[in-house]
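Undergrad: Fold the following, please.
(one chain, ligands or ions: 1)
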Amino acid sequence: MTAETLRVEGVGKSFKDKRIIKDISFEVRKGEILAILGPNGAGKSTTIRSIVGIMYPDEGSVTYQGMKTGEIPKNKIGYLPEERGLYKKVSIMDIILYFAELKDYPKKKARERALYYLKKLGLEGKEKSTIEEFSKGMGQKVQFIASIIHEPELLILDEPFSGLDPVSQDVMKNEIKELAKAGTAILLSAHQMNVVEELCDRLFMIHRGEKVVYGKLDEVKAQFGSYKCTLRGQNTIASLEKLPQVNRVEQNGETSALYLQQDINPAKWLRQLPETINIQELSISRTSLHEIFIDIATDKNLLERNDQHA
Ligand SMILES: Nc1ncnc2c1ncn2[C@@H]1O[C@H](COP(=O)(O)OP(=O)(O)OP(=O)(O)O)[C@@H](O)[C@H]1O
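TA: Below is the predicted model of the structure:
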């Protein structure tokens, strides 16, 4: 089997006359986690729905190991949709077993796996409960188990962390990592940048239906990230904004975050700071994926560089 499993090529989709996504191309490889990121309404779910066959793209193709969407054996793919919905009055175990049956997965094995994952996700002993007795987050965990019960080779998770508390987010994150380690190809969309930063190998950022960034997490951070100088001292925002090579300043009381322009060497930049700047504390750090994302989503300075980024 080739390392590349899912290939999305030139996919586009319109609703009525409105172009929703355009020329979307990426691949997901065995054992990797590719994150699809973008602001609300960017087209992430439309892309995912085009991949799983809920929607037919107007152009482009989606293949899995060379097979077109409709030809892919159903047991190969697991999908957690953005819109959650499970039978409210059926027991958790029966729901999970039903999903396994839909994928022709053996019942005995499915039951064992269900108990294993219920325990791992903090729902031990709840197999006889029903969804109506569960909170939203608990229901989401059940839906996640339903999406992986049949050991899919390719797992597509649309917003798996939404509505989960921080502890549950961590548990879910670890499970996703484990699945990738075991060889599952994973495509996930998420808004929690800190989680994405910890989880994904590569990322695909979409903005207004088009690709803006696609690449390895480290490379994206190196290429699109810059340095941030956090400084405590009595300074006006106007005086800080006047400093050379500063893109923007965020001030909170006496603490200011100065986002340096890209390609700036922070050591050199520090040496030329005027003596009039009041400094009680100062630190330099790389901008996080969250900050890169906000820059892109708000069109600040990065998009014009996109043409240079393949
Ligand atoms: N069935 C539909 N008919 C018309 N417009 C649609 C349909 N589905 C999605 N859209 C529009 O397509 C755009 C992209 O929606 P999509 O759900 O793909 O975004 P998203 O990136 O997943 O957003 P979010 O982060 O908010 O979930 C939105 O403007 C949405 O209103």
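Undergrad: Show me what the longest helix along the chain is packed against.
TA: Using DSSP state H, we find that the single longest helix of the chain is helix 166-181. Judged by 3 or more C-beta pairs under 8 Å, 6 or more residues apart in numbering; DSSP states H and E, the packing partners of helix 166-181 are strand 33-37, helix 107-120, helix 136-148, strand 185-189, helix 193-199. Heads up, the C-betas are built off the backbone N, CA and C, glycines and all.
Undergrad: what's the most buried one of those?
TA: strand 185-189 (a mean of 26; mean count of other C-beta atoms under 10 Å).
Undergrad: does any bit of that one sit next to the ligand?
TA: No: no part of strand 185-189 sits near the ligand under the criterion C-beta under 6 Å from any ligand atom; the closest distance found is 6.6 Å.
Undergrad: What are the contacting residues of the least confident helix or strand in the chain by mean pLDDT?
TA: Among the helical and strand segments of the chain, the one scoring lowest on mean pLDDT, DSSP states H and E is helix 289-297, with a mean of 81. Helix 289-297 is contacted from outside by 37-39, 193-194, 196-197, 203, 205, 207, 212-213, 217, 220-221, 224-225, 228, 259, 287, 300-303, using C-beta atoms under 8 Å, 6 or more residues apart in numbering.
Undergrad: repeat for stretch 99-111
TA: Applying C-beta under 8 Å, 6+ apart, the contact partners of stretch 99-111 are K74, N75, M93, I96, L97, A114, A146, S147, I149, H150, E151, P152.
Undergrad: Distance of the closest residue to the first one other than its chain neighbours relative to E151?
TA: This points to K74. The shortest distance from K74 to any non-neighbouring residue, by C-beta to C-beta, 6 or more residues apart in numbering, is to K103 (5.7 Å). In this structure, K103 and E151 are 9 Å apart, going by C-beta to C-beta, to the nearest Å.
Undergrad: again, but for I77
TA: According to C-beta to C-beta, I77 stands 11 Å off from E151.
Undergrad: Which residue ranges of the stretch 151-300 of the chain form strands?
TA: 154-158, 185-189, 202-207, 210-216, 227-232, 246-252, 255-260, 281-286 (DSSP state E, counting those that start in this stretch).
Undergrad: deepest of these, which one?
TA: Taking mean count of other C-beta under 10 Å, strand 185-189 is the most buried of the strands of the stretch 151-300 of the chain, at a mean of 26.
Undergrad: Average pLDDT for that one, rounded please.
TA: Mean pLDDT, computed over strand 185-189, is 96.
Undergrad: Does anything pack onto it? Which helices or strands?
TA: So strand 185-189, by 3+ C-beta pairs under 8 Å, 6+ apart, packs with strand 4-15, strand 18-29, strand 33-37, helix 44-52, strand 154-158, helix 166-181.
Undergrad: Quick check, pLDDT for the residue nearest to K74.
TA: pLDDT at K103 comes out at 93.
Undergrad: Check the gap between it and the ligand for me.
TA: Per C-beta to the nearest ligand atom, to the nearest Å, K103 is found 25 Å from the ligand.
Undergrad: That residue: neighbour count?
TA: Applying other C-beta atoms under 10 Å, we find 18 residues neighbouring K103.
Undergrad: now swap in E254 and tell me
TA: Look at E254: counted by other C-beta under 10 Å, it has 13 neighbours.
Undergrad: Report the contact partners of the closest residue to G215 other than its chain neighbours.
TA: Counting by C-beta to C-beta, 6+ apart, G215 lies nearest to R202, which is 6.3 Å off, once chain neighbours are set aside. By C-beta under 8 Å, 6+ apart, the contact set of R202 is E32, I33, L34, A35, Y214, G215, K216, L217.
Undergrad: what's the distance between R202 and G10?
TA: 19 Å.
Undergrad: Write out the residues of the protein neighbouring the ligand.
TA: Residues of the chain lying near the ligand (C-beta under 6 Å from any ligand atom): F15, I20, G38, N40, G41, A42, G43, K44, S45, T46, E82.
Undergrad: Now the third one. Its backbone dihedrals?
TA: What that stands for is G38. phi 170, psi 160 (degrees, to the nearest 10).
Undergrad: Can you give me the neighbour number for it?
TA: 25.
Undergrad: Relative to V8, how far out is it?
TA: 15 Å.
Undergrad: for the last one, same thing?
TA: Noted for E82: a distance of 18 Å to V8, by C-beta to C-beta.
Undergrad: All set now, cheers.
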